[in-house]
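**Q** what follows is a predicted protein model with its sequence.
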Amino acid sequence: MTRTWRLVVGSDDAGLEYKDLIAGDLQGDPRVTAVVDVGVNGDEHTPYPDIGAAAARIVAEGRADRAVLVCGTGIGMAISANKVAGVRATTAHDSYSTERSVLSNDCQVLTLGQRVIGPELARRLVREWLDYEFDPESPSHAKVERINALESARGEAGGAR
Ligand SMILES: O=C(CO)[C@H](O)COP(=O)(O)O
């Protein structure tokens, strides 16, 4: 049976066009059961760290499985989402990195740069990304667990958020 996904989408002003394009694609994708849009929308100008963190919190709390976030480069969204405990976010602008972000790194958040790649590539990467699912039996699992241990150690040292 095909895996289905509950997703979050978000962007700042610089990523709004792609966020809306991607949200439209996701709403018509049979693999997607829910799409939560955390903005920006309309005349809203929320900066990327607030949007990235809001989306990541929804994922960390288990209210969605994954998030796609768009800003000018994707970088600010990835940095912001990664500040939320339990979330692994990355920018990926090619098929192989998109695949490995899930299969090697168990990233739940994909970030894209509207100023970096064209809209058709962005849409294709998101379509491909939904085909990948992390295998907890794979040799990559132990490495992701080491990342999680780094995060726990940081929390215990007083850096928890
Ligand atoms: O790309 C961004 C952050 O990584 C954002 O869309 C633009 O940020 P700015 O260059 O600081 O305006």
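**A** That came in fine, so what should we check first? If you're wondering where the values come from, they're calculated on a predicted model, not measured in any experiment. Numbers count the residues shown, from 1 in each chain.
**Q** in the strand or helix carrying Asp50, what counts as buried?
**A** Secondary structure assignment for Asp50, by DSSP states H and E: helix 48-60. Using 16 or more other CB atoms under 10 Å as the test for burial, helix 48-60 gives Tyr48, Pro49, Ile51, Gly52, Ala53, Ala54, Ala55, Ala56, Arg57, Ile58, Val59, Ala60. C-beta here means a position set from N, CA and C on the backbone, and glycine is covered the same way.
**Q** not counting its neighbours along the chain, what's nearest the first one?
**A** Pointing back at Tyr48 there. Nearest residue to Tyr48, sequence neighbours excluded (CB to CB, 6 or more residues apart in numbering): Asp12, at 4.0 Å.
**Q** and the strands in this structure?
**A** Taking DSSP state E to define them, one finds strands in the chain at 5-11, 32-37, 66-71, 89-91, 109-113.
**Q** any chance of TSV for the ones you listed, columns mean pLDDT, distance to the ligand and mean neighbour count?
**A** Below are the strands of the chain laid out as TSV (pLDDT from 0 to 100; distance: least, CB to the nearest ligand atom, whole Å; neighbours: other CB atoms under 10 Å):
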stretch	mean pLDDT	distance to the ligand	mean neighbour count
strand 5-11	98	8	26
strand 32-37	98	17	16
strand 66-71	99	3	28
strand 89-91	99	9	23
strand 109-113	99	6	27
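**Q** Glu145 is nearest to which of the ones you listed?
**A** strand 89-91 (17.7 Å; CB to CB).
**Q** partner strands of the closest one and their direction?
**A** Sheet pairing of strand 89-91 (DSSP bridges) gives strand 109-113 (parallel).
**Q** on that earlier part again, list just the nearest of the buried residues of helix 48-60 to the ligand.
**A** The shortest approach to the ligand among the buried residues of helix 48-60 belongs to Tyr48, at 5.2 Å (CB to the nearest ligand atom).
**Q** the closest one contacts Ile75, doesn't it?
**A** No: between Tyr48 and Ile75 there is no contact, the gap being 9.3 Å when judged by CB atoms under 8 Å.
**Q** and this protein, which residues reach the ligand?
**A** Within the chain, the residues that sit near the ligand (CB under 6 Å from any ligand atom) are Asp12, Ala14, Tyr48, Cys71, Gly72, Thr73, Ile75, Gly76.
**Q** list buried residues within the residues you listed.
**A** Among those, those classed as buried by 16+ other CB under 10 Å are Asp12, Ala14, Tyr48, Cys71, Gly72, Thr73, Gly76.
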